[in-house]
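K.L.:
quick one, what's the 3D model for this:
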Amino acid sequence: MVDAIGATGGDRQDEGDPLRGQVLGGRYRLDLRLGEGGMGAMYRGHDLVLDRPVAIKLLGPELVDDEVLAQRFDREAQALSMLDHPNCVQVFDAGTTTRGGKYIVMQLLDGHELRRLLGAPLPPPRAVGLALQLLRGLD
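P.N.:
Numbers count the residues shown, from 1 in each chain. Here you go, the predicted structure:
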């Protein structure tokens, strides 16, 4: 349900990103593009009010016109906001940009993308440990 939101990814920094440095909702600054998912781009950001790092998922304005995608993005924000478990990311806020794009502000996690870990063989104890963490999140 959630795309990669790990705090790693400095090698993906795009100096030419026009959204970098923009502030959403008068509060959340976009600092570093972490990657792209099926429904939007992920950024490392900063909550200017609470002075803490955050992850920000953006559904761009060009996709908001797709009513199905926009509704799916809203449902994702609502579903994630109801989760309260140490193995699930916390949602702090959601909103709409001045240009009509949608965003979800989440807890920024340190670590690696699960996708990257699964790209190589894992020792069985590591695979079992990851599977248990995922299952605990579904509990």
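K.L.:
ok, residues contacting stretch 69-84?
P.N.:
If you take C-beta atoms under 8 Å, 6 or more residues apart in numbering as the criterion, stretch 69-84 is touched by 1-2, 39-40, 59, 63-64, 88-91, 94, 102, 104, 106, 137. (Glycine included, C-beta is placed from N, CA and C.)
K.L.:
and that stretch, what's buried?
P.N.:
Buried residues in stretch 69-84, counting neighbours by 16 or more other C-beta atoms under 10 Å, are found at 69-70, 73, 76-77, 80.
K.L.:
what subset of the contacts of stretch 69-84 is buried?
P.N.:
Once neighbours are counted (16+ other C-beta under 10 Å), the buried part of those comes down to 2, 39-40, 59, 63-64, 88-91, 94, 102, 104, 106.
K.L.:
low-confidence ranges in the chain?
P.N.:
When the per-residue scores of the chain are filtered using pLDDT under 70, the ranges that remain are 1-15, 61, 139.
K.L.:
and the spatially most distant residue from the centre of the chain, how far from His112?
P.N.:
Among the C-alpha atoms of the chain, the one farthest from their average position, using C-alpha atoms, centre = their mean, is that of Pro124, at 28.3 Å. As judged by C-beta to C-beta, to the nearest Å, Pro124 and His112 stand 19 Å apart.
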